[in-house]
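Novice: mind folding the following:
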Amino acid sequence: MIGFFFQLFLLLTVIYSSTYFLNYSLKIEDYLLVVMPWLFSVWATHKNRPKYEQKKPKYVLAPFFRSYMVIVILSILLLFIFRKELIIIKNITIALVIYSFLEYFIYFIITKSKSKKEIVKQEVKTKKYSQEKFKLLKNGTVDISKIDFKQLKLKKESLQELYSQNDTVNDGKISINSFSENNIDLLILNDRINDLKDINNYLTKAYNIINKGGYLILSYKDLDDVEEEINSKNGIIKFFSKVKYYIFDRAFPKLPFFNKIHSILSNNKNKVISKTEVWGRLIYNGFDVKKEIKEGNLTFLIAQKDRTPSENPNPSFSPLIRLNRVSLYGNLIKIYKVRSMYPYSEFLQEKVYEMNSLTSTGKFSEDFRITKLGKIYRKYWIDELPQFLDWFRGSIKLVGIRAMSQHFFSLYSKEYQELFYRVKPGIISPIFDEETDSFETIQKIEQEYLEKYLKNPLKTDIEYFFITIKHMLKGVRSK
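Specialist: The predicted structure is shown next:
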């Protein structure tokens, strides 16, 4: 906050002084027409939060330079809109230029002083949200092959212990909120996931009850089954069912304020939930899906408690999300994106890799996490557009290898990783057309970019920028 008030004081002082020496006085509204763009630039660029951990002065000071562009352009635009005299516009423009030079010089001195200090690579920060897997018996603690899912579908109890020493099912009704034991090897949640008020809270309680290596069985009605039922209807009923489905059931729960309305009107029942979200929530809460079984319009999952829960406080859910990505010097940064996958998909990346591996383009094969609308977003890079705000704030640069998730980054060689740590990630990737034959080829191309950039940064980024523009004009689109 000291930086914020200092910058504001400097701005007002320079404007007042410059206009005073030019024998022209400004009105309060004239100051406001400059302060408003300045406030926007502070928010958009985060210039009052210099990223000293990035070491290089050009990285730390880049948001300042961008903020000056915003202030000057927006201030002049507002002055024209409010029909101010040309002499006022001229004087304020001169004042803004003086202010920019003064502030830039002050923070350049501070940055040079800060960058002389040794900055240790923040390995702990990078590992902050990783989950530790337990060492378990190969076959677990229970023989799950003996469970009859057709019988489970008929049961109505909230939560039961299903396993005992004589392999019989105990039908005693037990509420998860009053469950006193904490050494259960097998639990079933007979309330559908769709009907739980707080899914994560419920899974956390189940996690605390079950032994390491124990199992949780749950059921849910999949999003695809809901859509199939809607499409089986006809005429006006189908139309209104679709309107309710897409607006009330799909959109409302993911928007602030509207999610409260949805919760009240629906009584927290019949949530529309995808396979990705259920699997992602399980992994987020310390379980791994071992088996999926379909019984009519219900899907049953057998999940094993095999890891520590995630500490990530903000799983992806709303339309605009922030994801953890590995960046310069191994720091973990937040990257904005338009969500193109179902909620909680980021926790499934390792699972999807184990199931399907990678295609020759470096993407996951048969990735069920991507939504139908998300495929369109990705094709036209709509999901990437919010990253320009990250660029504005100096977290990433315009051209460069995209900031990667921790799991995806772990697939690269150590030699590549050490090079990656030395270069800030970017928006426009060196690999644009995705016409590659293997992941090894992708790594080779990206490593060549990193080596070129470290030798000649400006020339390399200009070269790759125009290569990308060339591909775009040819009509190349993301897959």
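
Novice: and for residue 440, the neighbour number?
Specialist: 11 (other CB atoms under 10 Å). To be clear about C-beta, it is placed using only N, CA and C from the backbone, and glycine gets the same treatment.

Novice: in the helix or strand harbouring it, what counts as buried?
Specialist: Here residue 440 sits within helix 439-455, counting by DSSP states H and E. For helix 439-455, a neighbour-count test (16 or more other CB atoms under 10 Å) marks 439, 442, 443, 446, 447, 449, 450, 452, 453 as buried.

Novice: any chance of the residues you listed in JSON lines, with distance to residue 145 too?
Specialist: Output for the buried residues of helix 439-455, formatted as JSON lines (distance: CB to CB, whole Å):
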{"residue": "439", "distance to residue 145": "36"}
{"residue": "442", "distance to residue 145": "40"}
{"residue": "443", "distance to residue 145": "41"}
{"residue": "446", "distance to residue 145": "45"}
{"residue": "447", "distance to residue 145": "46"}
{"residue": "449", "distance to residue 145": "50"}
{"residue": "450", "distance to residue 145": "49"}
{"residue": "452", "distance to residue 145": "55"}
{"residue": "453", "distance to residue 145": "54"}
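
Novice: distance to residue 395 and pLDDT for these - can I get that in CSV?
Specialist: Shown next, in CSV, are the buried residues of helix 439-455 (distance: CB to CB, whole Å; pLDDT from 0 to 100):
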residue, distance to residue 395, pLDDT
439, 26, 86
442, 23, 88
443, 23, 91
446, 19, 93
447, 22, 94
449, 19, 94
450, 18, 96
452, 22, 95
453, 17, 95
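
Novice: still on that earlier bit, could I have the helix holding residue 440 exported to PDB, CA atoms only?
Specialist: Extracted in PDB, the C-alpha atoms of helix 439-455 (Å, rounded to 0.1, in the frame of the first residue of the first chain):
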ATOM      1  CA  PHE A 439       6.200 -35.600 -27.500                       C
ATOM      2  CA  GLU A 440      10.000 -35.900 -27.900                       C
ATOM      3  CA  THR A 441       9.700 -33.700 -31.000                       C
ATOM      4  CA  ILE A 442       7.800 -31.100 -29.100                       C
ATOM      5  CA  GLN A 443      10.400 -31.100 -26.400                       C
ATOM      6  CA  LYS A 444      13.200 -30.700 -29.000                       C
ATOM      7  CA  ILE A 445      11.500 -27.800 -30.700                       C
ATOM      8  CA  GLU A 446      10.700 -26.000 -27.400                       C
ATOM      9  CA  GLN A 447      14.300 -26.600 -26.100                       C
ATOM     10  CA  GLU A 448      15.700 -25.100 -29.300                       C
ATOM     11  CA  TYR A 449      13.500 -22.000 -28.700                       C
ATOM     12  CA  LEU A 450      14.800 -21.700 -25.100                       C
ATOM     13  CA  GLU A 451      18.500 -22.000 -26.200                       C
ATOM     14  CA  LYS A 452      17.900 -19.400 -29.000                       C
ATOM     15  CA  TYR A 453      16.200 -17.100 -26.600                       C
ATOM     16  CA  LEU A 454      18.900 -17.200 -24.000                       C
ATOM     17  CA  LYS A 455      21.400 -16.200 -26.700                       C
END
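
Novice: and the residue positioned nearest the centre of the chain, how far from residue 391?
Specialist: Central residue check for the chain by CA atoms, centre = their mean: the C-alpha nearest the mean position is that of residue 323, 2.3 Å away. Look at residue 323 and residue 391: by CB to CB, to the nearest Å, they are 15 Å apart.

Novice: ditto for residue 453
Specialist: Remark: distance between residue 453 and residue 391 (CB to CB) = 16 Å.

Novice: repeat that for residue 10.
Specialist: For residue 10, the distance to residue 391 equals 25 Å [CB to CB].

Novice: try residue 86
Specialist: 34 Å.

Novice: swap in residue 356?
Specialist: 32 Å.

Novice: and these two? which has more neighbours close in?
Specialist: More crowded of residue 356 and residue 391, by other CB under 10 Å: residue 391, with 20 against 14.

Novice: which residues sit in contact with that one?
Specialist: For residue 391, the contact set (CB atoms under 8 Å, 6 or more residues apart in numbering) comprises 397, 398, 427.
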